[in-house]
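# Next input, structure requested:
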Amino acid sequence: MHDHILPETGFVRLPQVLKVFPVSKSTWWAGVKSGKYPQPVKLGLKMTAWRVGDIRALIDEAGA
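Residues are numbered from 1 along each chain as shown. As a prediction, the model looks like this:
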């Protein structure tokens, strides 16, 4: 299901993450803070993203 939304490799921003892992922004950030969800990567001063591999692993783990 998420294969057509996520690129093969690289990084995705939060709106794309939330399309494939539908939780609220506040739930997502609480999960990041607690370690439940993957840590973001700073790509610039105001740009935060997540590794596609980390998001795919999270989805696979949640579906297991």
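# How far off centre is stretch 44-55?
Per CA atoms, centre = their mean, to the nearest Å, the displacement of stretch 44-55 from the mean C-alpha position of its chain is 8 Å.
# Now do it: distance from first to last residue.
One end of stretch 44-55 sits 20 Å from the other (CA to CA, to the nearest Å).
# Only the buried residues of it, if you could.
Neighbour counts using 16 or more other CB atoms under 10 Å place 49-52, 54-55 of stretch 44-55 among the buried residues. Using the backbone N, CA and C atoms, a C-beta is placed for each residue, glycine as well.
# ok, longest helix in the chain?
For the chain, the helix that runs over the most residues, judged by DSSP state H, is helix 52-63.
# Just the residues contacting that helix, thanks.
Residues outside helix 52-63 that contact it (CB atoms under 8 Å, 6 or more residues apart in numbering): 2, 6-12, 17, 20-21, 37-39.
# Would you show me how to pick out the buried ones of those in PyMOL?
Paste this into PyMOL to select the buried members of these, with burial taken from 16+ other CB under 10 Å:
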select buried, resi 6+11+12+17+20+21+37+38
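# So which of the contacts of helix 52-63 are in helices?
Among these, the members falling in helices (DSSP H) are 17, 20.
# Pull up the distance across stretch 9-24, start to finish.
24 Å.
# Would you check the distance separating it from the middle of the chain?
In terms of CA atoms, centre = their mean, the centre of stretch 9-24 is found 5 Å from the chain centre.
# Quick check: residue 18 touching residue 28?
Yes. Assessed by CB atoms under 8 Å, residue 18 is found in contact with residue 28 at 6.6 Å.
# higher neighbour count, these two?
Using other CB atoms under 10 Å as the criterion, residue 18 and residue 28 rank with residue 28 on top: 18 against 15.
# and the more buried one, that's in a strand?
No. With DSSP: H, G, I helix; E, B strand; the rest coil as the criterion, residue 28 is assigned helix and is not in a strand.
# give me the number of residues near the nearest residue to residue 39 once chain neighbours are set aside?
Among residues not flanking residue 39 along the chain, residue 32 sits closest, at 6.4 Å (CB to CB, 6 or more residues apart in numbering). A total of 16 residues lie near residue 32 under the criterion other CB under 10 Å.
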